[in-house]
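> need coordinates for the following:
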Amino acid sequence: MPAVLTRSTTSGTYSTLNNSHCVLLLGWGGADDKCLKKYADLYETRGLDTVRFTSEFKAFSAQGLSGLRDMNEIFPLLDQIGHRRLVLHIFSMNGICSLVTLLHHAKYSDLFTRTDAVVWDSCPTYERLIPNLISYNRVINHLHKNALESGSFIDKMGCLADKTVRFSWDLLEALRQWVHVATGGSISAVHPYFYVRDHPQLPRRHTIIYSHADVVCKAPLIQTFHRHLSEKRNMIVEATCFNDSPHVTHLKAHPKEYSQGIEQLLDFVVHLNDNQSGKLQSKL
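Prediction:
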């Protein structure tokens, strides 16, 4: 999906942030721009510019965490927004992998230090090999949904071949992580979930939105993440767990609650920005 920068033309509730802030949305695997635009609209209608991008889904990177996704298309847009501070909105593990790739790029390694708050939608999660392959199979089926439902025999065989290759890559990645840890290395250096969870520059404010009905990124594993942030790292965490909305469909199923969560996070950013401006003025 092409990367898109949208300048808000709305004088919204949070327009005062627009000169200093921008929202970066990193989409889930297989998301099209029409879907991601609905989330960007939550910010644009409130007066904030957005950058949105969904990277191509892949399972294995010969470069490790630095090459999990191809992010080259988003670099020119990040250059356009300059050194404005960020609100991150991350979807599923594809969004996590996109984020981790950016953080490994020399030019964007300070991304977390420029970020005031993060929204985590249906992520992050970490599973052992077999449950991970089951969840991974659901993601691949979603990517090939049209071919599987109405494609020809050749189309379906192509899907099977692609799935076989992707599963092989996933197994190879799991083996590499196991070898790294077994030889004394840190899991945070090879797995995107732990890399984000343990990152020393992780922002303090987090909104986490997930569901018990999500069979791809399961609720108990996401709960483990947000409890770690609040209890072990003293982060400010607002977590909302629904009972009925499937993977990355929480806005559609619960628009009011989802929007309220976004506004609470933006209120925090406004307050933080006001405090920092006040401190700057007192020094002058």
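
> ends of stretch 75-89, how far apart?
With CA to CA, to the nearest Å as the measure, the ends of stretch 75-89 fall 17 Å from one another.

> any idea how far that stretch is from the chain center?
15 Å (CA atoms, centre = their mean, to the nearest Å).

> list the buried residues in that stretch.
Buried positions in stretch 75-89, judged by neighbour count with 16 or more other CB atoms under 10 Å: Leu77, Leu78, Ile81, Arg85, Leu86, Val87, Leu88, His89. For the C-beta atoms, the positions are set from N, CA and C on the backbone; glycine is no exception.

> in JSON lines: those residues, plus secondary structure and distance to Ala161.
Rendered in JSON lines, the data for those read as follows (DSSP: H, G, I helix; E, B strand; the rest coil; distance: CB to CB, whole Å):
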{"residue": "Leu77", "secondary structure": "helix", "distance to Ala161": "34"}
{"residue": "Leu78", "secondary structure": "helix", "distance to Ala161": "35"}
{"residue": "Ile81", "secondary structure": "helix", "distance to Ala161": "40"}
{"residue": "Arg85", "secondary structure": "strand", "distance to Ala161": "45"}
{"residue": "Leu86", "secondary structure": "strand", "distance to Ala161": "39"}
{"residue": "Val87", "secondary structure": "strand", "distance to Ala161": "40"}
{"residue": "Leu88", "secondary structure": "strand", "distance to Ala161": "35"}
{"residue": "His89", "secondary structure": "strand", "distance to Ala161": "34"}
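
> tabulate the residues you listed in TSV, adding columns for pLDDT.
Below are the buried residues of stretch 75-89 laid out as TSV (pLDDT from 0 to 100):
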residue	pLDDT
Leu77	96
Leu78	96
Ile81	94
Arg85	97
Leu86	97
Val87	98
Leu88	98
His89	98
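
> what's the closest of the residues you listed to Trp178?
Leu88 (29.7 Å; CB to CB).

> next, the closest residue to that closest one other than its chain neighbours: phi, psi?
Of all residues not flanking Leu88 in the chain, Val118 sits nearest, at 4.5 Å (CB to CB, 6 or more residues apart in numbering). Dihedral angles of Val118 (phi, psi; degrees, to the nearest 10) stand at phi -130, psi 140.

> now do Ser211
Note on Ser211: its backbone torsions stand at phi -150, psi 150 [degrees, to the nearest 10].

> bridging residues for it?
Using DSSP bridges, the beta-bridge partners of Ser211 come out as Phe242.

> run through the residues that contact it.
Ser122, Ala219, Cys241, Phe242, Asn243, Asp244, Ser245, Pro246, His247, His250 (CB atoms under 8 Å, 6 or more residues apart in numbering).

> next: His104.
Counting by CB under 8 Å, 6+ apart, His104 touches Leu65, Ser66.

> ditto for Ser122
28, 91-92, 209-211, 214, 216-217, 222, 247-248, 250.

> for stretch 67-79, which outside residues touch it?
2-5, 24, 51, 53, 55-56, 58, 61, 94, 97-98, 100-102, 105, 107-108, 192.

> one more time with 10 Å
1-5, 22, 24, 26, 51-61, 84, 86, 93-102, 104-105, 107-108, 111, 173, 192, 195 (CB atoms under 10 Å, 6 or more residues apart in numbering).

> measure it end to end?
20 Å.

> returning to what we had before: I'd say the residue nearest to Leu88 and Thr207 touch.
Yes. Val118 is within contact range of Thr207, at 7.3 Å (criterion: CB atoms under 10 Å).
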